[in-house]
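*Asks:* what would the 3D arrangement of this be:
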Amino acid sequence: MTSPLLDTLGVSVPSTVPTHWYNLAADLPSPCPPALHPGTREPLTPDDLAPLFPMALILQEVSTERWIEIPEQVREIYALWRPSPLIRARRLERALGTPARIYYKYEGVSPVGSHKPNTAVAQAYYNAAEGITKLTTETGAGQWGASLAMACSLLGLTCEVWQVRASFDSKPYRRMQMETYGSICHPSPSDLTHAGRAMLAADPETTGSLGMAISEAVEAAATDPDAHYALGSVLNHVLLHQSVIGQEALAQLDAIEESADVVFACAGGGSNLGGLSFPFLGRNLREGTSTRVVACEPAACPSLTQGEYRYDFGDVAGLTPLLKMHTLGADFVPPPIHAGGLRYHGMAPMVSHAVELGLIDAIAVDQDTAFAAGILFARAEGIIPAPESTHAVAGAIAHARAATEAETIVIGLSGNGVLDLPAYHDYVWGPSGLSTTEARAPEGTRASACAISGC
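*Replies:* Residues are numbered from 1 along each chain as shown. Predicted coordinates:
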């Protein structure tokens, strides 16, 4: 499970798949507020979660142990793409004319092109070990749905996915990806669940939301004795599994005697942000290092920068536990922005708690700025970032342009945008597909990108 990576001089540096997941709860100066039962409003017990999750994941959800061993079978599957590369963005540095050193941790090398399989494989493994034969879930852009579909295929489970309708309609290739792995994908809201029918009755033309899709997936699991529910973000055990990202990044930087001054990651539900940043925060808390972490969320769904920090449901129908988090309200329906994976009304409780403690900063990035950054990155580095990842790229570019000294910046490039090219096309040419003086034809795109880069 060793993979050669390149340091800043192009020298091969060995790196291995982590043997344990890292749990930030062990190092936080104060504990994260507990999840509450939706009926009693009392702290949840393991038995309360048993109808939806295997006991191993429930115990991880409430664990305060710093290290949790990764099962060997999970590590073997991880080794299909892990460790992921940490790459020096020299061409981007030159394009920006910055004295900063920029690195990006690239999760787009996974089979589905994003960071989501890190937890999908783990969740499928523990469910299969408990005898569950089917998993239900929701998905926005489709990265999580495709990841769970892949994991279920590898571990012998079936998978049923409810995808936010805005993304279901605009991203058919994600649905095709899920179906190729043997899964079923429905647009949400649908007429297949009580929750979905109620949502459609209230607004037949709704574009959907992750909160709506969660309600449908939870209902489907709760009414099927052979099924469990799997969540792609928000919960503690999900962020735990994603910690392989940050652990690898720390080891890769250590191997070339570098340390990160600032880390930028996109933020929707919190899985990519937590996975990359929590190991850095843990080192800050244990060893006194001072890496700054910046959460880059969409201006169209700004839970951290404009939401309230309070208890709220994770779904629209109120079927999930109450979580203490930054939230725009469970009934908030964001506009159908292209970064469908960030269209969630709330933020992971542990990320929200870290923000409240002053351990994480947050900024909101508008869609045009994000896409301009993504195009600039693609033309400099060759990789087309996922629309979600472009928010982190935009935050890092703005910071690098303002840098006056040789600080080290790390970007979480959570996935590639190969299956999101229609969104890039709409940005460059306009939704009509016809170049106009108002649309962003190539020269207009260059102007937009240069507004960020200063080229």
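
*Asks:* leaving out chain neighbours, which residue sits closest to V262?
*Replies:* R292 (4.4 Å; CB to CB, 6 or more residues apart in numbering). Any C-beta I mention is one placed from the backbone N, CA and C, and that applies to glycine too.

*Asks:* would you confirm that the one you found contacts D261?
*Replies:* Yes: counting by CB atoms under 8 Å, R292 touches D261, with 6.7 Å between them.

*Asks:* so, low pLDDT: which residues of the stretch 1-150 of the chain?
*Replies:* Across the stretch 1-150 of the chain, the stretches falling below the confidence threshold (pLDDT under 70) are 1-15.

*Asks:* ok, which stretches of it are strands?
*Replies:* Taking DSSP state E, counting those that start in this stretch as the criterion, the stretch 1-150 of the chain contains strands spanning 2-6, 12-16, 20-22, 67-69, 86-88, 101-106, 134-139.

*Asks:* buried deepest among those strands, which one?
*Replies:* strand 134-139 (a mean of 27; mean count of other CB atoms under 10 Å).

*Asks:* picking up where we left off before, quick one, what contacts the residue nearest to V262?
*Replies:* 261-263, 361 (CB atoms under 8 Å, 6 or more residues apart in numbering).

*Asks:* what's the span of stretch 396-414, first residue to last?
*Replies:* Using CA to CA, to the nearest Å, the end-to-end distance of stretch 396-414 comes to 14 Å.

*Asks:* list the buried residues for it?
*Replies:* 396-400, 403, 407-414 (16 or more other CB atoms under 10 Å).

*Asks:* could you report the neighbour count for P54?
*Replies:* Number of residues near P54 (other CB atoms under 10 Å) recorded here: 21.

*Asks:* how near is it to E69?
*Replies:* 16 Å (CB to CB, to the nearest Å).

*Asks:* columns distance to G113 on top of the strands of the stretch 1-150 of the chain, output as JSON lines?
*Replies:* Shown next, in JSON lines, are these (distance: least, CB to CB, whole Å):
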{"stretch": "strand 2-6", "distance to G113": "18"}
{"stretch": "strand 12-16", "distance to G113": "21"}
{"stretch": "strand 20-22", "distance to G113": "22"}
{"stretch": "strand 67-69", "distance to G113": "27"}
{"stretch": "strand 86-88", "distance to G113": "16"}
{"stretch": "strand 101-106", "distance to G113": "10"}
{"stretch": "strand 134-139", "distance to G113": "14"}
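
*Asks:* nearest to C185 among those would be which one?
*Replies:* For C185, the closest of these is strand 134-139, at 7.9 Å, according to CB to CB.

*Asks:* same for the closest one, what does it pack against?
*Replies:* helix 117-129, helix 143-155, strand 158-164, helix 210-222, strand 227-229 (3 or more CB pairs under 8 Å, 6 or more residues apart in numbering; DSSP states H and E).

*Asks:* kindly recompute the last result at 10 Å.
*Replies:* helix 117-129, helix 143-155, strand 158-164, helix 172-180, strand 184-188, helix 210-222, strand 227-229 (3 or more CB pairs under 10 Å, 6 or more residues apart in numbering; DSSP states H and E).

*Asks:* how distant is the third one from the center of its chain?
*Replies:* The one in question is strand 158-164. Computed by CA atoms, centre = their mean, to the nearest Å, the chain-centroid distance of strand 158-164 equals 17 Å.

*Asks:* could I get the average pLDDT for it?
*Replies:* Strand 158-164 shows a mean pLDDT of 96.

*Asks:* what are the buried residues along the helix or strand just after that strand?
*Replies:* Using DSSP states H and E, the helix or strand that follows strand 158-164 in sequence is helix 165-170. Applying a neighbour-count criterion of 16+ other CB under 10 Å, one finds 165-168, 170 buried in helix 165-170.

*Asks:* measure how buried the residue nearest to L359 when sequence neighbours are not counted is and give me the count.
*Replies:* Using CB to CB, 6+ apart and skipping the chain neighbours, the partner closest in space to L359 is L281 (5.5 Å). L281 has 23 neighbouring residues, counting by other CB under 10 Å.

*Asks:* quick check: angle from the helix or strand containing L281 to strand 101-106?
*Replies:* Assigned by DSSP H and E, L281 belongs to helix 271-287. Here the directions of helix 271-287 and strand 101-106 differ by 120 degrees (axes from the mean of the first three to the mean of the last three CA atoms, to 10 degrees).

*Asks:* show me which positions of helix 271-287 end up buried.
*Replies:* 271-285.

*Asks:* which one among those gets closest to L86?
*Replies:* Distances from L86 to the buried residues of helix 271-287, taken by CB to CB, are shortest for L276, at 10.8 Å.

*Asks:* can you tell me how far the most centrally placed residue in the chain sits from Q177?
*Replies:* Nearest to the geometric centre of the chain sits N272, at 3.8 Å (CA atoms, centre = their mean). According to CB to CB, N272 stands 19 Å off from Q177.

*Asks:* how about A89?
*Replies:* Taking CB to CB, one finds A89 at 28 Å from Q177.

*Asks:* so V333, which of the three states?
*Replies:* coil (DSSP: H, G, I helix; E, B strand; the rest coil).
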